[in-house]
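Peer 1: when you get a sec, could you give me coordinates for this:
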Amino acid sequence: MEKIYLAIPLAPLFGALVAGLFGRQIGRAGAHWVTILGVGISFVLSLVVFKHMVIDGAEPFNGSVYTWLVSDGVRFEIGFLVDRLTTLMLLVVSFVSLMVHIYTIGYMHEDPGYQRFFSYIALFTFSMLMLVMSNNFLQLFFGWEAVGLVSYLLIGFWYKRPSAIYANLKAFLVNRVGDFGFLLGIAAIYMAFNSMDYMTVFAAAPSHAGETIEVIPGVEWQLMSVICILLFIGAMGKSAQVPLHVWLPDSMEGPTPISALIHAATMVTAGIFMVARMSPLFELSVTALSVVLVIGAITALFMGFLGVVQNDIKRVVAYSTLSQLGYMTVALGASAYAAGIFHLMTHAFFKALLFLAAGSVIIAMHHDQDIRNMGGLKKYMPITYWTSLIGSLALIGFPGFAGFFSKDAIIEATHASQIPGSTFAYIAVLSSVFVTALYSFRMFFLVFHGKERMDEHTREHLHETPPVVTVPLIMLAIPSVLAGYVIGPVLFGDYFGGAIHVDHARDVLAHLGEHFTGAGGFILHGITGLPFILAMAGLATAWYIYIKNPDIATTVRRRFKGIYQVLVNKYYADDFNEAVFAGGARGVGQLLWKIGDVLIIDGLIVNGSARVVGWVASVVRHVQSGYLYHYAFSMIIGLLLLLSWFMVYQNGS
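Peer 2: Numbers count the residues shown, from 1 in each chain. Predicted coordinates for the structure are as follows:
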């Protein structure tokens, strides 16, 4: 099995290298075939690992591939930890990535950077696989930074667009803020445990639970709280939690396939996975769990509000990702790690479906992304319509669809939690149900129903996209419906085994499991619950405002103009960052330039030394007069000075 574990990440890496280095030689078809083959091998081997680990009940694998460095007795290794948590992530990442690769053939077929794009997305898949398979913090950090690097390349893939360059630079800088905290967290672990190996750290963690450190002189902080909060700051950047969320909506500047891959299976899920993997550490700090819980709740609710006012089809879906990531983070903070990972899985399927369906619409609309210019597409694009409906129903948590099981489990777990901030979090995620249904079906109704608002030329050429685009939609629609039915073993059984650790006193899922009677009973309970009522209320509100009586939307915008402006301007977060951080950085740079460059370097060193030399030269040049008696006089004066010095020296001795 060790060779299979090694082949899973290396197969897409091989495809990425071939497509990237030899793209011209193998051509466009060669580039997509070699990368699809590589990711396809990863998916098939992930199925083999799933059978071996879950069905056959094999023990988790934890082994080193090679030692990278030994420093002061500490080994820095590249190694794999393959347990049931890893297995689930392998299936999600490889399957969604495979669908995105196939879809890309149709979406990018006219793009001049075709081979380069396939190389990047295969490299993205390799990076995420290395991250989820890591058994130590060195490899975790490698995968962490690798997905950040490739996301930078992909968001700015159309590098001739200034908006794309701005977006990828923004993503890069915001993630560096989070990664600084993440790196400090890893450094704190190294300092406290003198090891980078997961199992060594997890085993020793309880003995360090009561330790304190002085981050600020004279102020003692709990060691585990500091470590976990620093690690979570990294997750805030990667998984776009408030206030480090600002990069994710702008990532829509990249091609639609990469939007699906970033939002569904790779970069933004890395933070959620990392916190779940670190559950043995987070369970030792209620403070850290409370921080995670509150940040996730704020993100879930307030990012959902922004989705209501977006008119770009991809940005609506992007803000839904932010909100759903908030749900996952709330689950982590409530110690319901399994529910967070379960929602990560179901969300990956229906979010990839929604992004790729949005891309299908964009292709049909000749790359017009404004939903105000759409309408009535149902009759032109039936496959895209029905798959979009499935994705939207899964997103709002309609009973029987995948998102229903995972989202309701998070809401119930939050309600049962006793972590400080859980009441606020419960109200936030419950309110988000209505908001999610409102913006999801606002987009759905404006795109596929109602009056046709596109221009005549676009209308004449509207048709369903080719099978290379629609087949991945159908393949993703299937788990968007069915994936939730594994709720029993994943949430209330022993699926994760020892991969996730939860303190018995905070095990809210165990409490919920006492009342679990099966997926059917969960559906019946959900139909009578408040989340279902709120979801249907949001759907009905969207239908009434945007189909039945569209004038209401204009009236509401006019009457609540102030609130609308706040939402359109995204709570002025970008303006604040521009004024305070970007403006402050520019101000400090200007000050340092004036002091260091202008005053010291140019003023004193370069120009100052030149002026001194010029002044000395202007004085000394008068000695060279050309008159003989001047030189004779100088010689006499020099001789007198030498005689005087000699006489003084002799008398002194």
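Peer 1: which is the next helix or strand following the longest strand along the chain?
Peer 2: Among the elements of the chain assigned as strand by DSSP state E, the one spanning the most residues is strand 61-71. Counting by DSSP states H and E, the next helix or strand C-terminal to strand 61-71 is strand 74-82.
Peer 1: and the angle from that next one to strand 61-71?
Peer 2: Orientation of strand 74-82 against strand 61-71 (axes from the mean of the first three to the mean of the last three CA atoms, to 10 degrees) gives an angle of 160 degrees.
Peer 1: buried set for strand 74-82?
Peer 2: Judged by neighbour count (16 or more other CB atoms under 10 Å), strand 74-82 contains these buried residues: Arg75, Phe76, Glu77, Ile78, Gly79, Phe80, Leu81, Val82. Glycine gets a C-beta too; all of them are placed from N, C-alpha and C.
Peer 1: quick one: which of these is nearest Val435?
Peer 2: Top of the list for closeness to Val435, among the buried residues of strand 74-82 and by CB to CB, is Leu81 at 37.6 Å.
Peer 1: any idea how far that closest one lies from Val580?
Peer 2: Going from Leu81 to Val580 by CB to CB, to the nearest Å gives 41 Å.
Peer 1: endpoints of stretch 203-214, how far apart?
Peer 2: Using CA to CA, to the nearest Å, one end of stretch 203-214 lies 24 Å from the other.
Peer 1: correction: stretch 204-212
Peer 2: Taking CA to CA as the measure, stretch 204-212 stretches 15 Å from start to finish.
Peer 1: what average pLDDT does it get?
Peer 2: Mean pLDDT, stretch 204-212: 90.
Peer 1: and stretch 90-109, by the same measure?
Peer 2: In this model, stretch 90-109 has a mean pLDDT of 94.
Peer 1: tell me the buried residues in it?
Peer 2: Under the neighbour-count criterion of 16+ other CB under 10 Å, stretch 90-109 has 90-108 buried.
Peer 1: just the ones of the residues you listed in helices?
Peer 2: Those of these mapping onto helices are 90-107, per DSSP state H.
Peer 1: quick one: Thr86 and Val132 touch, right?
Peer 2: Yes: at 5.8 Å, Thr86 and Val132 qualify as touching, with contact defined as CB atoms under 8 Å.
Peer 1: returning to that earlier point: of the buried residues of strand 74-82, which is the nearest to Leu173?
Peer 2: Nearest member of the buried residues of strand 74-82 to Leu173, counting by CB to CB, is Phe76, at 27.6 Å.
Peer 1: partner residues bridging the closest one?
Peer 2: On the basis of DSSP bridges, Phe76 is bridged to Leu69.
Peer 1: next one: the one 5 residues further on
Peer 2: Here Leu81 shows beta-bridge partners Asn62, assigned using DSSP bridges.
Peer 1: was I right about it contacting Ser134?
Peer 2: Yes: at 6.7 Å, Leu81 counts as touching Ser134 under the criterion of CB under 8 Å.
Peer 1: what's near enough to touch Gly30?
Peer 2: Counting by CB atoms under 8 Å, 6 or more residues apart in numbering, Gly30 makes contact with Ala19, Gly23.
Peer 1: from Thr384, how far off is it?
Peer 2: Gly30 is 29 Å from Thr384, by CB to CB.
Peer 1: make TSV from the buried residues of strand 74-82 and add distance to Leu393 to it.
Peer 2: Listed next are these as TSV, based on distance: CB to CB, whole Å:
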residue	distance to Leu393
Arg75	50
Phe76	47
Glu77	45
Ile78	42
Gly79	41
Phe80	37
Leu81	36
Val82	34
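Peer 1: can you pull out the low-pLDDT segments for the stretch 201-350 of the chain?
Peer 2: Of all residues in the stretch 201-350 of the chain, none has pLDDT under 70.
Peer 1: show me where it has its helices.
Peer 2: Using DSSP state H, counting those that start in this stretch, the helices of the stretch 201-350 of the chain run over 223-238, 247-250, 256-264, 267-277, 279-282, 286-307, 313-333, 337-364.
Peer 1: so which of these comes closest to Phe124?
Peer 2: Closest of these to Phe124 is helix 256-264, at 6.2 Å (criterion: CB to CB).
Peer 1: got a list of contacts for that closest one?
Peer 2: 96-97, 100, 103-104, 107-108, 117, 120-121, 124-125, 151, 154-155, 157, 248, 251-252, 254, 268, 314, 317-318, 321, 347-349, 351-352, 355-356, 358-359, 362.
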